[in-house]
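[1] Build me a structure from this.
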Amino acid sequence: MARICEICKKGPKTGHKISRSHRKTKRKWLPNLHTIKVKRNNKIVKIKVCTKCLKAGKVEKIIN
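    Numbers count the residues shown, from 1 in each chain. Prediction:
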């Protein structure tokens, strides 16, 4: 599975890391994803969700 939130479709962003001498090298920012268990269509499945969606209450987490 890719590093994408299954609720809001947030994924990795790319850009440059800039040193003090202003040299630019490519880098990647990854979203803060957590694998959680969720009930979908009366089945328990694991999905990757970003913390922003978890805090906003867009997903109901199943606790065993």
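
[2] can you tell me the helix or strand for residue 36?
    strand 33-40 (DSSP states H and E).

[3] tell me what that strand is packed against?
    strand 43-50, helix 51-56 (3 or more Cβ pairs under 8 Å, 6 or more residues apart in numbering; DSSP states H and E). C-beta: built from backbone N, CA, C; applies to glycine.

[4] Kindly export it (C-alpha atoms) in CSV.
    Output of strand 33-40 as CSV, limited to C-alpha atoms (Å, rounded to 0.1, in the frame of the first residue of the first chain):
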residue,chain,number,x,y,z
LEU,A,33,-0.1,8.0,9.0
HIS,A,34,-1.4,5.4,11.5
THR,A,35,-2.8,2.0,10.6
ILE,A,36,-6.1,1.5,12.5
LYS,A,37,-8.9,-1.0,12.5
VAL,A,38,-12.2,0.3,11.1
LYS,A,39,-15.6,-1.3,10.5
ARG,A,40,-16.6,-1.2,6.8
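
[5] residues near residue 37, how many?
    12 (other Cβ atoms under 10 Å).

[6] Identify the residues contacting the closest residue to it other than its chain neighbours.
    By the measure of Cβ to Cβ, 6 or more residues apart in numbering, the closest residue to residue 37 outside its immediate chain neighbours is residue 62, 4.5 Å from it. By Cβ atoms under 8 Å, 6 or more residues apart in numbering, the residues touching residue 62 are 36-39, 44.
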